[in-house]
Each structure stands twice: as structure tokens, then as C-alpha cells.
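K.L.:
mind folding the following:
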Amino acid sequence: MNDTDAWEMYPRHRKWFNKLYLAQLLGYHSGPSGTASKQDGWYIVRPIYNLSGMSIGAEKKYIHAGDLKQTPPGYFWCEWFDGEHYSVTYDFMHGEIATWIPISGWCGYKDGLKFIKWIRTDVYPNVPRALNELSDVGRINVEFIGDKVIEVHLRDTPDPDYDELIPIWQNDPQTLVDKYIEIGYSYINSYDDADGFLTPPRIGFMVKNNGSID
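P.N.:
Alright, predicted model coming up:
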């Protein structure tokens with residue numbers, strides 16, 4: 001399932017696709033295009049909705065107080081968070097103490113905003129109580145920077161289940177793939193062009209299971 005599938009499957013929960021709604025719900029310093037922060041600083045500027053994924057349209061920007069020109073229509077600004085990027089899948093457990101139970105998690109490593117590697121992790125940040133509203137979905141994937149929730153997906157992670165995943169892009173040379181194969185990785189196809197908005201597209205992953213948790 002991808003985000004478009006989840007949009008159709010859970011119409012009653014569509015507000016959770018709204019990243020500005022989520023930022024404001026969690027008390028982050030944020031606002032839509034047409035508003036501006038009163039503080040100079042680093043911000044993430046990105047579309048309020050993006051069902052295509054792959055961080056399309058997202059930029060890290062230094063914005064001066066009162067500057068309205070850095071956030072295009074349909075976008076929002078939010079305070080910038082530093083820390084590890086986690087993608088964790090949770091199942092909801094009903095019972096005397098209803099809670100979200102982590103099923104799997106990965107830590108992402110980035111060059112700017114582009115992911116260059118994912119490694120399985122056993123770090124599972126706490127899920128805010130507000131997400132209990134999604135208990136009827138049963139399984140969700142939550143992205144964090146440190147312990148700050150930045151995205152909620154009404155689906156499992158779409159990526160393959162390996163201990164290490166290194167994205168391969170269409171413009172990567174074959175010699176790079178060969179290099180990873182020599183050190184124990186395997187190549188699998190996993191094409192994603194974010195509905196045609198991502199250039200170059202991701203064509204697959206170099207993957208490896210190492211039998212340990214990093």
C-alpha cells in the first residue's frame with residue numbers, strides 16, 4: 001500500500017496527510033504560505049500535502065523574520081529539527097492499556113535531504129497519544145527527527161525488509177552497483193519516481209542482512 005491507496009481506504013482520516021495540521025497539533029513553530037515566522041532561523045519548507053512521497057518539494061531554508069517570499073502557495077514552513085531520522089512501523093494494541101507497539105524500524109542517513117542509506121534500528125520513539133485516533137487503522141508508519149514526529153503514514157513502510165538498504169538512482173554508474181556487490185550487498189529493483197516528479201528516479205536498492213541490529 002502507498003499513500004494514495006491509504007487516502008482512498010481511510011477517508012475519515014485524511015487530515016493526517018496534512019503535514020501542517022500535524023505540525024500545529026504537536027505544537028511546532030510553523031505556519032502556511034502567507035504567514036511568516038517572527039524569528040530568524042532554519043526552517044523546513046515543504047508542501048502541506050504530498051502523497052507522491054520522496055520529499056518532493058522540500059527544502060531547508062534560512063528565513064528572516066517576516067519574510068513571506070520563502071514559502072510558496074500550497075507549502076508551509078516549520079522549525080528545523082536536528083537529530084537522527086527514524087522510520088518506525090507500529091501496530092495498535094487494544095486492551096487495558098491501549099498503546100502502539102513497534103514492529104520494525106530503520107534509521108536513515110542523508111546527504112542534505114536525500115537519503116543515502118537506511119539501517120535497521122531498535123530505537124523506537126514514543127508515539128504521541130493523539131495518534132490513538134488512528135487505532136482503527138491498526139498499523140501505521142511514523143517518521144521522526146529525534147523524538148519529534150514529522151510524518152504519519154496510514155500504512156506500513158513501502159521499502160523492502162533488510163538490515164541495510166542503499167538507494168540506487170538512475171544516474172548511478174554500474175561500477176557503483178558492482179562495488180557494493182563485491183562487499184556483500186545484493187541488488188533488488190524498487191522503482192520510484194514520485195509520480196514523475198523525481199529526477200533522477202530511484203531504480204532500486206543495494207541490500208544486505210547482517211544478522212545484527214545497529
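
K.L.:
CA only for contacts and neighbour counts going forward, please
P.N.:
Noted.

K.L.:
restrict stretch 182-202 to CA atoms and write it as CSV.
P.N.:
Taking only C-alpha atoms (Å, rounded to 0.1, in the frame of the first residue of the first chain), the coordinates of stretch 182-202 have been written out as CSV:
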residue,chain,number,x,y,z
GLU,A,182,31.8,-7.1,-4.1
ILE,A,183,31.4,-6.3,-0.5
GLY,A,184,28.4,-8.5,0.1
TYR,A,185,25.3,-6.5,-1.0
SER,A,186,22.7,-7.7,-3.5
TYR,A,187,20.7,-5.5,-5.9
ILE,A,188,16.9,-5.5,-6.0
ASN,A,189,14.6,-3.5,-8.2
SER,A,190,12.4,-0.9,-6.5
TYR,A,191,11.4,1.9,-8.8
ASP,A,192,10.0,5.2,-7.5
ASP,A,193,9.8,8.4,-9.5
ALA,A,194,7.3,10.1,-7.1
ASP,A,195,4.6,10.1,-9.8
GLY,A,196,7.0,11.5,-12.3
PHE,A,197,8.2,14.4,-10.1
LEU,A,198,11.5,12.9,-9.1
THR,A,199,14.5,13.2,-11.4
PRO,A,200,16.5,11.1,-11.5
PRO,A,201,14.2,8.3,-10.2
ARG,A,202,15.3,5.7,-7.7
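
K.L.:
so what's the residue count around I103?
P.N.:
15 (other CA atoms under 10 Å).

K.L.:
quick one: secondary structure of it?
P.N.:
Of the three states, I103 takes strand under DSSP: H, G, I helix; E, B strand; the rest coil.

K.L.:
which residues does it contact?
P.N.:
When contacts are counted by CA atoms under 8 Å, 6 or more residues apart in numbering, I103 is found next to 88-91.

K.L.:
in JSON lines, list those along with distance to K15.
P.N.:
Shown next, in JSON lines, are the contacts of I103 (distance: CA to CA, whole Å):
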{"residue": "V88", "distance to K15": "20"}
{"residue": "T89", "distance to K15": "19"}
{"residue": "Y90", "distance to K15": "19"}
{"residue": "D91", "distance to K15": "20"}
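
K.L.:
what subset of the residues you listed is buried?
P.N.:
Buried residues within these, counting neighbours by 16 or more other CA atoms under 10 Å: 88-91.

K.L.:
in strands, which of those fall?
P.N.:
Among the buried ones among the contacts of I103, DSSP state E puts 88-91 in strands.

K.L.:
just name the closest of those residues to W106, please.
P.N.:
For these, the residue nearest W106 by CA to CA is V88; the value is 6.4 Å.

K.L.:
any low-confidence regions in the protein?
P.N.:
Applying pLDDT under 70 to the chain flags the ranges 211-214.

K.L.:
and the residue lying farthest from the centre of it, helix, strand or coil?
P.N.:
Ranked by distance from the centre of the chain (CA atoms, centre = their mean), the top residue is E96, with 30.9 Å. Following three-state DSSP, the label given to E96 is coil.

K.L.:
what does it show for phi and psi?
P.N.:
phi -60, psi -40 (degrees, to the nearest 10).

K.L.:
now do L131
P.N.:
phi -70, psi -10.
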